[in-house]
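Peer 1: give me a model of this one.
(chains A and B)
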Amino acid sequence: MKRRVVVTGLGIVTSLSHRLDEFWTKLTAGESGIHELKLFDTSKFKVNFGGDVHDWRPTEYFDSKELNRIDRFTQFAMVGAVDAINDSKIEFSNYDSFRCGVILGSGIGGLQTIEDQVERLLMKGPDRVSPMTIPKLMLNAAGGNISIRYGLRGPNFTVATACASATNAIGDAMKAIQYDEADVMITGGTEAAITPMGMSAFANMRALSTRNDDPAKASRPFDLGRDGFVMSEGAGIVVLEELESAKARGATIYAELVGYGCSGDAGHITSPDEEGRGASRAMQNALNDGALNANCIDYINAHGTSTPPGDVAETKAIKNVFGEHAYQLSVSSTKSALGHSLGASGGIEMIISIMAMKTSTVPPTINLEDPDPKCDLDYTPNVAKTRELNFAMSNSFGFGGHNASVIVGKYKE
Amino acid sequence: MSVQERVFEIVASQLGVDQDKITMESSFVNDLGADSLDTVELVMELEEEFDIDIPEDAADKIETVGQAIKFIEEAKNS
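Peer 2: Presented below is the predicted three-dimensional model:
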């Protein structure tokens, strides 16, 4: 018998805000978090905009020594985790530390650290490469540091499936609780890849929108004028608990995590399967995992990155799985406002799905002005919609052909 | 700024401690909480700042802030 898993704490870092209430107000008002990049000089770059968290000064969370020892992607994850844990009001001292763990996702890890240290290697020689290089850049640094801060000795690993990383991590964390390996899990995703290398490499793949003259309009999922995704960064971290132990301590329950599914495309290393076969299977697996009929789902937070092939393939996949009900669903891509934070996106978007249920508000797909005829679902264009939601699905698909879907439901006894 | 002032400043920022908690007798490991990674990074910072070479065997013998300052002053005068 699988144990039930609930979400009891939320923590978020995005270019719109890293305070959940302010974030939600801005997102549902249709505000964009995309702007000219301020992290470094982009004058020679093909793309000079994105969703960087440019006012990032996490001094209230870290002392100078700690900051020096962790990359930006770990800073995001730790701030998200601290906020989520505070939000949940959990006291780890009341738990067996071996029953509390951390499973995070990140697509890329400490890219800025790699760039800084390669520069030192080339300019100053091998003796000047920092001894902190590896512990800062490794993808699992975020999960390791969170476990150290809170003394969590349960399952701890990091998932790297590019843009599906956070959603795969959440699925694994959910299973750790379902199958009685842990009672509390910190999970979600983090990413900080807006660096000179990250921006030039993604731009040269022609994966990014080049709408430099109008950044806030650049991410336009399902719109005919879309021309690629918009890079962003941040973290979305949640606290998961086993239902009975959450109830016993009187926790506020945001939602129940009811289903998870994943698959691989086995096609191209970066292009999605045109028919969305892998994506369909991930969604169907999540429904099966939760023993849910497709008609139960009210809202899908789409992967919807604003690339020409991706949005069409996802639309086909939704229709494959949901049939006629696909047209009854509310769908939206919040990447229209936030851009694409790669391995963090699944964490942020699960939080959005939970907030949508909690507030009965579907956040809009902004910049959807001229719908692509191949994308004919209700994507909640431009204006948030009031709708009672009982179950919401969040999709994440990554380079490498990774597909992952999770389903959250309103908690009922 | 004297060598001592510059060393105190670097140690404070690298190890995240208040400058007024640092004395010549402070041990990097026992008093200032440095681990093996901090020690290597600190030696590197001092080498950069003072444009000197601190060989590994010499670095291993430096345990206190005062010993570091003495080593730097001797290296700069040699």
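Peer 1: biggest helix in the chain, by residue count?
Peer 2: All of this refers to chain A. What stands out as the longest helix in chain A, according to DSSP state H, is helix A:72-88.
Peer 1: other chain: chain B
Peer 2: helix B:36-50.
Peer 1: A:I146 against A:F76, yeah?
Peer 2: No. Judged on C-beta atoms under 8 Å, A:I146 makes no contact with A:F76 at a distance of 11.3 Å. In this view, the C-beta of every residue, glycine as well, is placed from N, C-alpha and C.
Peer 1: give me the more crowded residue out of these two.
Peer 2: Per other C-beta atoms under 10 Å in any protein chain shown, whichever of A:I146 and A:F76 has more neighbours is A:F76, with 32 against 24.
Peer 1: which other helices and strands does the one helix or strand A:D311 maps to contact?
Peer 2: Element membership for A:D311, per DSSP states H and E: helix A:308-322. The elements that helix A:308-322 packs onto, with contact taken as 3 or more C-beta pairs under 8 Å, 6 or more residues apart in numbering or on different chains; DSSP states H and E, are helix A:277-289, strand A:391-398.
Peer 1: again, 10 Å this time
Peer 2: helix A:277-289, strand A:299-301, strand A:330-332, strand A:391-398, strand A:402-409 (3 or more C-beta pairs under 10 Å, 6 or more residues apart in numbering or on different chains; DSSP states H and E).
Peer 1: picking that back up, what touches both of A:I146 and A:F76?
Peer 2: A:T190, A:I237 (C-beta atoms under 10 Å, 6 or more residues apart in numbering or on different chains).
Peer 1: quick check: closest non-adjacent residue to the residue in chain A that chain B sits nearest to.
Peer 2: Going by C-beta to the nearest C-beta, chain B is nearest to A:K65 of chain A, at 2.7 Å. Leaving aside its chain neighbours, A:K65 sits nearest to B:G16 (2.7 Å; criterion: C-beta to C-beta, 6 or more residues apart in numbering or on different chains).
Peer 1: what do you get for A:L329?
Peer 2: In space, A:L329 comes closest to A:I300 once its chain neighbours are excluded; the distance is 5.8 Å by C-beta to C-beta, 6+ apart.
Peer 1: helix or strand: which one has the closest residue in space to A:T74 that isn't next to it in sequence?
Peer 2: Distances taken as C-beta to C-beta, 6+ apart place A:A142 nearest to A:T74, at 4.4 Å, with adjacent residues excluded. Using DSSP H and E, A:A142 sits within helix A:141-150.
Peer 1: for the helix or strand immediately after that helix in the chain, give the mean pLDDT please.
Peer 2: Note on helix A:141-150: by DSSP H and E, the next helix or strand toward the C-terminus is strand A:156-159. Mean pLDDT, strand A:156-159: 98.
Peer 1: now the angle from the longest helix of chain A to helix A:141-150?
Peer 2: Put simply, helix A:72-88 runs at 40 degrees to helix A:141-150, going by axes from the mean of the first three to the mean of the last three C-alpha atoms, to 10 degrees.
Peer 1: which strands and helices lie in contact with the next helix or strand after helix A:72-88?
Peer 2: Next helix or strand after helix A:72-88 toward the C-terminus (DSSP H and E): strand A:100-105. Judged by 3+ C-beta pairs under 10 Å, 6+ apart, the packing partners of strand A:100-105 are helix A:72-88, helix A:141-150, strand A:156-159, helix A:165-178, strand A:184-191, strand A:234-242, helix A:345-359.
Peer 1: ok, now with 7 Å
Peer 2: Applying 3 or more C-beta pairs under 7 Å, 6 or more residues apart in numbering or on different chains; DSSP states H and E, we find strand A:100-105 packed against helix A:141-150, strand A:156-159, helix A:165-178, strand A:184-191.
Peer 1: quick one: the residue nearest to the spatial centre of chain B and chain A, what's the gap?
Peer 2: The structure's chain B has its C-alpha centroid closest to B:A68; by C-alpha atoms, centre = their mean the separation is 4.8 Å. In this view, B:A68 and chain A are 17 Å apart by C-beta to the nearest C-beta, to the nearest Å.
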